[in-house]
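Asker: Need a 3D model of the sequence below.
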Amino acid sequence: MVAMQPARRLYRRESEESRRSALISATQELVAEGGPEAATVRAIAERAGVTPGLIRHYFQSKDELTRAAYRALMDGMTAKGSDAIEGVGAGPEERLAAFIAASLRPPVLDAGAVVLWAGYMHKVRSDPDLMAVHEAGYLAYRDALQKLIETLPRVTRAGQTRAEAIACNALVDGLWVEGSLLPAAFGPGEVITIGLGSVGAILGVDLLAHTAMLPDFGKTLP
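Answerer: Here you go, the predicted structure:
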């Protein structure tokens, strides 16, 4: 009996994580379809296939669940870039190129993700807690980008890498929006190529020369 207890605890933990994930996914779908107001407790429960009361078991309020859904979107974008770095060599240019490329290919490059992000935008300014989630997500990506930029073999002045990270982040954001919503406007891999070339131009490095070992480089856009 004692030997089976860890297995039961693991099953319970996995079940709870699965249910939390299902609730977050249901909330994201509803926000993408009709904005945060569409993600009512009843609608979320119906979409996730649970009772409304069960939501209270995992989240103290609907607002907490809504913020968790937005946090999952923001954190996922940074996580994909970080994961991509693990699959490449130690060269700073190659690692930066992998991070940028991962931000401009599926599953990050996705119309549904952009629509979901846009669904939150009108509420961010009026909801301090949601604004805090937005700020944390933005800074996490920008700081990760800045750390990669700082490893490049260059001589920089005080404050330069921070400004460069802000500029590169803005450039990636713009390509992410248009590449996701208008995939037919770009050729295969064009969004990634433009992103790497433009970021490289800002930084004064040739990132396109370090793409040979990147997985799925040039992958056809959806």
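Asker: okay, and for this protein, where does confidence drop off?
Answerer: 1-14, 212-222 (pLDDT under 70).
Asker: Let me see the contact set for the spatially most central residue of it.
Answerer: Note on the chain: the residue nearest the mean C-alpha position is M77, at 1.6 Å, using CA atoms, centre = their mean. Neighbour list for M77: S103, V108, A113, G137, Y141 [criterion: CB atoms under 8 Å, 6 or more residues apart in numbering]. Where you see a C-beta, it was placed from the backbone N, CA and C, and this is true even at glycine.
Asker: For A209, see how far away the fourth one is.
Answerer: Plainly put, G137 is 31 Å away from A209 if you go by CB to CB, to the nearest Å.
Asker: Please identify which of these two sits among more neighbours.
Answerer: G137 (20 against 12; other CB atoms under 10 Å).
Asker: okay, now the domains of this protein?
Answerer: Domain assignment of the chain by automatic domain parsing yields the ranges 1-59, 69-217.
Asker: Can you check the distance spanned by stretch 82-94, start to finish?
Answerer: Using CA to CA, to the nearest Å, one end of stretch 82-94 lies 13 Å from the other.
Asker: Could you pull out the buried residues of that stretch?
Answerer: Across stretch 82-94, burial judged by 16 or more other CB atoms under 10 Å covers A84, I85, V88, P92, E93, E94.
Asker: follow-up on the earlier one: comparing the domains of the chain, which comes out most buried?
Answerer: Compared across the domains of the chain, domain 69-217 shows the largest average neighbour count, a mean of 17 (mean count of other CB atoms under 10 Å).
Asker: which residue ranges form the strands in the chain?
Answerer: Per DSSP state E, the chain carries no strands over any range.
Asker: what are the ranges of the helices in it?
Answerer: Along the chain, counting by DSSP state H, helices occupy 5-34, 41-48, 52-58, 62-86, 92-103, 111-124, 128-150, 160-181, 190-203.
Asker: Nearest residue to T40 in space, please, no chain neighbours.
Answerer: Setting aside the residues directly before and after it, T40 is nearest to K62 in space (CB to CB, 6 or more residues apart in numbering), at 7.2 Å.
Asker: so what's the one you found up against?
Answerer: Applying CB under 8 Å, 6+ apart to K62 gives the contacts A39, T40, V41, I44, I55.
Asker: quick one, what contacts the residue found closest to A22 once you drop the neighbours it is linked to in the chain?
Answerer: Distances taken as CB to CB, 6+ apart place A48 nearest to A22, at 4.7 Å, with adjacent residues excluded. Residues near A48 by CB under 8 Å, 6+ apart: R19, A22, L23, S25, A26.
Asker: any idea how far A48 is from L109?
Answerer: Separation of A48 from L109 (CB to CB): 26 Å.
Asker: Surely V88 and R95 touch.
Answerer: Yes: between V88 and R95 there is a contact under CB atoms under 8 Å: 5.9 Å.
Asker: how much space between R162 and G81?
Answerer: Distance from R162 to G81, counting by CB to CB: 18 Å.
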